[in-house]
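Student: The sequence and its predicted three-dimensional model are supplied below.
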Amino acid sequence: MRENEHNGMDKRHDTTIAQLLTHLGHVRQAVPVNYKLKAELKQRLLEQMKQMQKQQQGAVPVKRSRRGLWWFGGGMIALSIAACMVFLPNDGLRLHEQTVLAIPAEETARQVSISPRGDRIAYLTDNARLHAYPVDHPEDKDLFSLPSTSGRYESVVWSNSSQRIAVLEQTEGASRLWMMQFNDGGGQASTQLLWEETGAQVADVSWSPDGRQIAYTKVKGDKAEVWINNLATYRENKLAEGSQPDWSSDGKRIAYVQDGVIQVADLTRGVTAKAASGTQPSWQSPDRFTYLSAEGRLMQARLNEQTGTFDTLAVPLYRGVSLKSAEWARDGKHLLVAKQTKQGIVFAVVRRE
Amino acid sequence: MWKWLIVFAALFACILANPAAAAENSIEMSVDVPLDGLMKYSQWSRIKVTITNRGDAFTGLIGVGPRSAGSKWRDGIVRQEITLGQGETKQITFDLPVEELSDRAEVVTLVRGDKVAVSRNLPPLPAQTERIAAVVDSNQNAFHFLSTVRGNEREYPFDQLTVKNIAPKALPDEAWILNNIDLLALGDVPAGAITDRQLAAIKEWVTRGGVLIVSAGPNRDEWVQPFRDLLDIPPGRSGMATDLDQLRQLSGERSLPVDSLPVYNRDFPLISHKQVGSGLFLFVNYDINAEPMASWQYNRQLWKNTLQKYKAADSIMEKDIHYNGIDMPLLNVSRLIPEVTIPSVQWIILIWIIYLLLVAPGLYLLLKRFDRRDWAWGIIPAFAVLLTIGIYAIGRPQVAKEDASFTVNSIRIVDEHMAEVHSAASFLTISGGNYAVKAEPGFLAVPYPVKSNAKNLLAKEEDGTRITYDNVPYLSTTQAYGIGVRQNLGHFSAELSVSDLRLRGTVTNDTAFDLQQTFVQLGMQRIPLGPLKRGETKQVDAKIEQYIIPGIADADPSELLKMTREERVELTKQNIGAYFPGAPVHLMGFSDQALPVFHIVSKQLAEHYWNVIAQPIKLMPGPNGRTVYPYGTLPVSTLNLDRYSDPRNIAPKGTITYELAVGKADLQVKRVEIPLDLSPYRPFEKAILDVKRGMWQPLDRSQRVILEENLPQYLGPDGTIQIRFNNPTDQRLSMPLPFFQVEGEER
């Protein structure tokens, strides 16, 4: 019985498959095939495959290689610029961004001084007052009284640590160098008479980096000399005939003016070299100083270690403006300039790039 | 069930409580400080703890720490282990710098396990500025007049001595403990009451700078005999002394209460003095307690002048300034172990930033590319661990190649036989862990910091103090500090004189050290002599500055930051030994020769040493037979100043009076020069005290003061000259101290 049923089932299956195939044939016939499209697709596919083959074999990948090339080129240029900026010698001073100081117009630029870090300004006024304020906050002004004397306070110079200011007083037969000490709060702690020179006028005080010595101009009659005084031992030595001494930040050199020519005395080797024609030398770094030309133009002189001479260059600042003075802060980054204008002397702080 | 649990818990608590209570009752502890508890803030002292165990044997810890430690007794304590058998009594001593004891009350605590068994309070600490005269005399009022001795330095206020009576048995038998008093006076003491060891300690203390007064009346040979090696006082000449002029001169009074005095030796002065080493011995040839002299109303004046004349007050002050408990500059220099470089924090931070910003993200992107992001959980931390191991492995040899130590010794030569040594040592162990350091026998030693929460242990052993450091982290430094006396380190011999602004003479190095650098410190001037080997003699002919005005230097502080580590080390070294109290002139040398004070137990390490050797010297007469003490070598002190001024800043309209210690030169002074014509003094109105007339004599603005024939007019009986400065301006003015130069002849 079962065998009969199995045979019957087989026969039914064969029938179903046949019907399915027939149905598929009908369906195929009903859907039209775009043989043309099919051929086109096939062709494109073949072309793409060929292209890929060529690229793999080293044919020029046009778009991708160009992009990469552009990136590479741009990167090299940027790297070159960076290398130039870092490694190429920076012979020129680049100055910018000035802050004009709110200081009343004064007769002489010596009555204004910039602190060693370039962040504070001190200046004198006629009534024996010393004003000091931060460059960026002129409203925070401190006022200090100087000792009442018969003389006139003529110049001010900040010491190395910003905790002291030296003020030069001139009387009729003497010059006095007073030192004002600040306390931690910035107030005036005390004043001390560092040194009194009788029978001569003193000007242009410059501190040594350790604060123990000063270089200054001593004028007796019409003769100007540069002297060095050790304030700890009271030994004084004449350096040379001349004026306007300025001590370098490493303490090894003093630049001064002699007959309109700037001389640089090397204190360690005991030799003096002529640097340039001009006045007002001010050290910006241990081997470079700026000075003013006869026209009041700011110049720079840089020591050539190999030859021992100085290479000079104009500083692109205030073209056409006559400067009265240019004093560097000890940090070598800030320059206090005094320029002559129709309204009088205007002071400004210039920053080095 | 729960009821039984409660019962068992209560029984258990009782069992736990009992041992503690039992411990408290079974242990007796007493605390004793020598000199009847007298301690000076600037010295070391001994805390002696006597413990008797009446209970079971135990092992515990005993420590000294602040009272507020309370149950947290581990905080800030110095400790020793102790084991006590049943019925046993032990003495434990702690030798500590007094300044390490806090201002709050200190306790000595005995701990068993984690429980405090017993604690006792220490005596209260003295005021920092108190000066003490200890008196050993059966008469409680003996030497009361010593309270009139006065110091003059404003910087170290010292108005008078505090006189304290102590029993003979309270005297220590070790000299260093006597540094806790400023002056020792021995009067009516039964012969034999002071033991030989105590006497030896007293004599050593005098040699090292102590001030000793001994009083003896007639027939006291047995009492005086032990002191004959300090001052040769012949025996057997007791009697009555009729020449009492010395008392009249010293007291300033013509009339005395007696015409004659019973004295120990009638051929001996009534009061004699002898400089013994760095100290002073005063012998009083009569019984200080005998009436009517004991009650004489001018006794105070007599002794005030006596002690000032013989510079006892100066000795007290100067000795006290120098001998600090712990010399911090030494410790700071010892931390700078040679050949050990501090790892650069910047580099470590940079490496980690590179890892965090580049390496770790790069790893992640790489894993993402290979579709293995789930591996990041393991790979990135593994890389971090590898980086740490790499930094350690590469960096460790950069810091230190081996274990190392650096011992810095400050050696003060007392005489050719004895030198006082302060020693600071640092130990760097790469692996850390537990180790012990041993100090040389005879040295007092403590770990530094003295009190800490670390489980450092002190142990007094026969061959020296042992300090055990516990759980020291790897690549970490531990420190120890010690003081002691070393024999036979030699001394300097010098014959130096000053003339025409030059220092001339010879210096011989008879010390045990080859010196890499040698200096003569002449007041504020340091004159280099160069290297000096052992046994070498050097001719000296150096220029000296006429004036040295301190406080002028004013360098840019940022320049100090640019100094290299080696430069900073060198600067710190140069400053050690610059100040030598009581010695206007001293010789100083630096040596890196080994002088071991500490050694690490059971470890080999590279040992480095650095020594500062200093010795006071006396200047000799020059070719003209006169000795010159240049400007700045002799002290200037402030005598009077108004309340708005300080010693170098005078308020507007203010006044200050200075006292120039001319007599400190210990010469027959012939000439004094005070350069008041220098610029800093010119703004002031100046006057000098005419002691004969008792008036102030004005000085001209630019007047240099030179006293020769007129010197007696201005030189006071105490060997000082007074100068007064008045600030006439409306500004606060400052000036340097009025230094001076003295010329004189040997007495």
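Tutor: Yes, it's here. Numbers count the residues shown, from 1 in each chain, chains lettered A, B, ... in the order given.

Student: okay, now the closest residue in space to B:Leu84 that isn't next to it in sequence: neighbour count?
Tutor: Among residues not flanking B:Leu84 along the chain, B:Asn53 sits closest, at 3.9 Å (C-beta to C-beta, 6 or more residues apart in numbering or on different chains). In short, each C-beta sits where N, CA and C put it, glycine included. Each residue near B:Asn53 was counted by other C-beta atoms under 10 Å in any protein chain shown, and the total is 24.

Student: was I right about B:Asn53 contacting B:Gln86?
Tutor: Yes: B:Asn53 is in contact with B:Gln86 according to C-beta atoms under 8 Å; the separation is 6.3 Å.

Student: From B:Arg112, how far out is the residue nearest to B:Leu84?
Tutor: Distance from B:Asn53 to B:Arg112, counting by C-beta to C-beta, to the nearest Å: 11 Å.

Student: Might you report the residue contacts of the residue nearest to B:Leu84?
Tutor: If you count contacts by C-beta atoms under 8 Å, 6 or more residues apart in numbering or on different chains, B:Asn53 has them with B:Ser26, B:Ile27, B:Leu84, B:Gly85, B:Gln86, B:Gly87, B:Glu88, B:Thr89.

Student: Walk me through which strands the helix or strand that B:Val116 is a member of pairs with, and which way each runs.
Tutor: Here B:Val116, judged by DSSP states H and E, is contained in strand B:115-121. Each strand that strand B:115-121 pairs with, and the sense of that pairing, follows from DSSP bridges: strand B:106-112 (antiparallel).

Student: ok now the strand it pairs with, how far from the chain's centre?
Tutor: Its chain's C-alpha centre and that of strand B:106-112 lie 28 Å apart, by C-alpha atoms, centre = their mean, to the nearest Å.

Student: Return the alpha-carbon coordinates of it using PDB.
Tutor: Output in PDB follows, covering the C-alpha atoms of strand B:106-112 (Å, rounded to 0.1, in the frame of the first residue of the first chain):
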ATOM      1  CA  GLU B 106      55.800  67.400  74.200                       C
ATOM      2  CA  VAL B 107      55.200  64.000  75.700                       C
ATOM      3  CA  VAL B 108      57.200  60.900  76.000                       C
ATOM      4  CA  THR B 109      55.000  57.900  75.100                       C
ATOM      5  CA  LEU B 110      55.400  54.200  75.500                       C
ATOM      6  CA  VAL B 111      53.400  52.100  73.200                       C
ATOM      7  CA  ARG B 112      52.700  48.400  73.200                       C
END
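
Student: And the closest residue to chain A within the stretch 201-350 of chain B, how close does it get to A:Tyr256?
Tutor: When you check the stretch 201-350 of chain B against chain A by C-beta to the nearest C-beta, the closest residue turns out to be B:Leu350, at 18.5 Å. Shown here: B:Leu350 relative to A:Tyr256, a distance of 46 Å by C-beta to C-beta.

Student: okay, these two: which has more neighbours?
Tutor: For B:Leu350 versus A:Tyr256, neighbours defined as other C-beta under 10 Å are more numerous around A:Tyr256 (27 against 11).

Student: Remind me which helix or strand that one belongs to.
Tutor: For A:Tyr256, the enclosing helix or strand under DSSP H and E is strand A:253-258.

Student: so where's the stretch 101-250 of chain A uncertain?
Tutor: Screening the stretch 101-250 of chain A residue by residue with the criterion pLDDT under 70, one finds the ranges A:102-110, A:127, A:184-186.

Student: Name the SS class of the residue in it that chain B sits nearest to, please.
Tutor: Proximity of the stretch 101-250 of chain A to chain B (C-beta to the nearest C-beta) peaks at A:Gly211, 2.9 Å away. In three-state terms, and counting by DSSP: H, G, I helix; E, B strand; the rest coil, A:Gly211 is coil.

Student: Quick check, it in contact with A:Ser162.
Tutor: No: the pair A:Gly211 and A:Ser162 fails to qualify as a contact (C-beta under 8 Å) at a distance of 11.4 Å.

Student: Can you give the distance from stretch A:190-199 to the centre of its chain?
Tutor: Between the mean C-alpha location of stretch A:190-199 and the chain-wide mean there is a distance of 37 Å, by C-alpha atoms, centre = their mean.

Student: Next: stretch B:506-515.
Tutor: Centroid separation for stretch B:506-515 versus its chain: 25 Å, with C-alpha atoms, centre = their mean.

Student: next one: stretch B:688-696
Tutor: When distances are taken as C-alpha atoms, centre = their mean, stretch B:688-696 is centred 38 Å away from the chain's centroid.

Student: can you give me the end-to-end distance of it?
Tutor: Between the opening and closing residues of stretch B:688-696 we find a distance of 6 Å, counting by C-alpha to C-alpha, to the nearest Å.

Student: Pull out the buried residues from that stretch.
Tutor: Taking 16 or more other C-beta atoms under 10 Å in any protein chain shown as the basis for neighbour counts, the residues of stretch B:688-696 that come out buried are B:Ile688, B:Leu689, B:Val691, B:Trp696.

Student: Please apply the same query to stretch A:304-316.
Tutor: A:Phe310, A:Thr312, A:Val315.

Student: between those residues, which is nearest A:Val100?
Tutor: Within the set of those, A:Val315 lies nearest A:Val100; the separation is 18.5 Å, counting by C-beta to C-beta.

Student: For B:Asp267, which non-adjacent residue is spatially closest?
Tutor: Here the nearest residue to B:Asp267 in space, its sequence neighbours aside, is B:Arg237; by C-beta to C-beta, 6+ apart that works out to 5.5 Å.

Student: quick one, what contacts the residue nearest to A:Thr125 when sequence neighbours are not counted?
Tutor: Spatial nearest neighbour of A:Thr125, chain neighbours left out: A:His131 (6.6 Å); criterion: C-beta to C-beta, 6+ apart. Counting by C-beta under 8 Å, 6+ apart, A:His131 touches A:Ala122, A:Tyr123, A:Leu124, A:Thr125, A:Lys141, A:Asp142, A:Leu143, A:Phe144.

Student: what about 10 Å?
Tutor: Listed by C-beta atoms under 10 Å, 6 or more residues apart in numbering or on different chains, the contact partners of A:His131 are A:103-104, A:112, A:121-125, A:141-144, A:156.
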